[in-house]
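S.K.: Fold the following and give me the result.
(one chain, ligands or ions: 1)
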Amino acid sequence: MTILNRATSRLKKRTNNLHTNSSSNTSSQENKIKQILESIDGNRQEKMHNVPMEDGKLICILTESIKAKNVVEIGTSNGYSGLWFCLALRNTGGRLITYESNQQKIALARENFKEAGVDNMVTIVEGDAHKKTANIKDAIDVLFIDADKEGYINYFNKLSPLVRPGGLILAHNMDMRQRVQNYIEAVTNDPALETTFQGQNQGLGITLKKRMNKQT
Ligand SMILES: C[S@@+](CC[C@H](N)C(=O)[O-])C[C@H]1O[C@@H](n2cnc3c(N)ncnc32)[C@H](O)[C@@H]1O
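M.R.: Coordinates of the predicted model:
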């Protein structure tokens, strides 16, 4: 066997190992979702306006922590933040309903959800979320607002009554203070809510809808 043949044979063995490892990894749903998240992360596109990875992790942890079953997201884009929700929802047995008006982004999100193997736990509602969300009747565990900034207050006014006590209202781009000022005032002035700003540039608003204390 020549030196070149030996090197080729070693390389083949190594490549086979890699394939074995990756196929055993990708058999789990968690790794499938993470692979798609990594591929979106590795090729971030400005126009998708995806949340930063750290904020994605945060929404995932919060969703799993409160055992959320019903998550409503306003602003799907290509499905990046939706995939972070799915990472949690696969453990809680929950579902994501997500709203998007841009057809190109809807197509990308469908592709990403399918490739991640989570299309069965996600419903994408197409069209203007201001109109389409009027059909929501069920209690919401987590509401995530990440679409037209001037519309945040409208989404909040319409949908926060549906958020269950102990549920969360998350909102992105809180660092764009002027555009979301009325939203910030609404979630910080209401004594029935507890709000903190976390994540990159404190851009993720996390609002807890407090449980009513029976003694007060
Ligand atoms: C910041 S991006 C969402 C990013 C996504 N949450 C993520 O992190 O992957 C905002 C999205 O909201 C969509 N959008 C804006 N106004 C909307 C409306 N009225 N109804 C539905 N979608 C809207 C935009 O097309 C855009 O894709």
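S.K.: so what's the closest residue in space to residue 212 that isn't next to it in sequence up against?
M.R.: Among residues not flanking residue 212 along the chain, residue 165 sits closest, at 6.3 Å (Cβ to Cβ, 6 or more residues apart in numbering). Quick note: C-beta positions are derived from backbone N, CA and C, even for glycine. In this structure, residue 165 makes contact with 209, 210, 211, 212, judged by Cβ atoms under 8 Å, 6 or more residues apart in numbering.
S.K.: Same question for residue 206.
M.R.: Contacts of residue 206 were listed using Cβ under 8 Å, 6+ apart, and they are 58, 62, 168, 170, 195, 196, 197, 198.
S.K.: State the distance from the last one to residue 55.
M.R.: What it means is residue 198. Look at residue 198 and residue 55: by Cβ to Cβ, to the nearest Å, they are 8 Å apart.
S.K.: can you map out the strands along this protein?
M.R.: Secondary structure of the chain (DSSP state E): strands at 70-74, 95-100, 122-126, 140-145, 163-171, 193-198, 204-209.
S.K.: so what strands line up beside the fifth one?
M.R.: Using DSSP bridges, strand 163-171 pairs in its sheet with strand 140-145 (parallel), strand 204-209 (antiparallel).
S.K.: right, so the ones you listed: which one is the most enclosed?
M.R.: Using mean count of other Cβ atoms under 10 Å, the stretch among the strands paired with strand 163-171 with the largest mean neighbour count is strand 140-145, at a mean of 25.
S.K.: in this structure, which spans are helices?
M.R.: Listed from the start of the chain, the chain has helices (DSSP state H) covering 3-26, 29-42, 53-65, 80-92, 103-115, 129-132, 152-159, 181-189.
S.K.: excluding its backbone neighbours, what's nearest the spatially most central residue of the chain?
M.R.: The residue at the geometric middle of the chain, judged as the C-alpha nearest the mean C-alpha position with Cα atoms, centre = their mean, is residue 81 (2.8 Å). Closest residue to residue 81 apart from its sequence neighbours, by Cβ to Cβ, 6+ apart: residue 51 at 4.9 Å.
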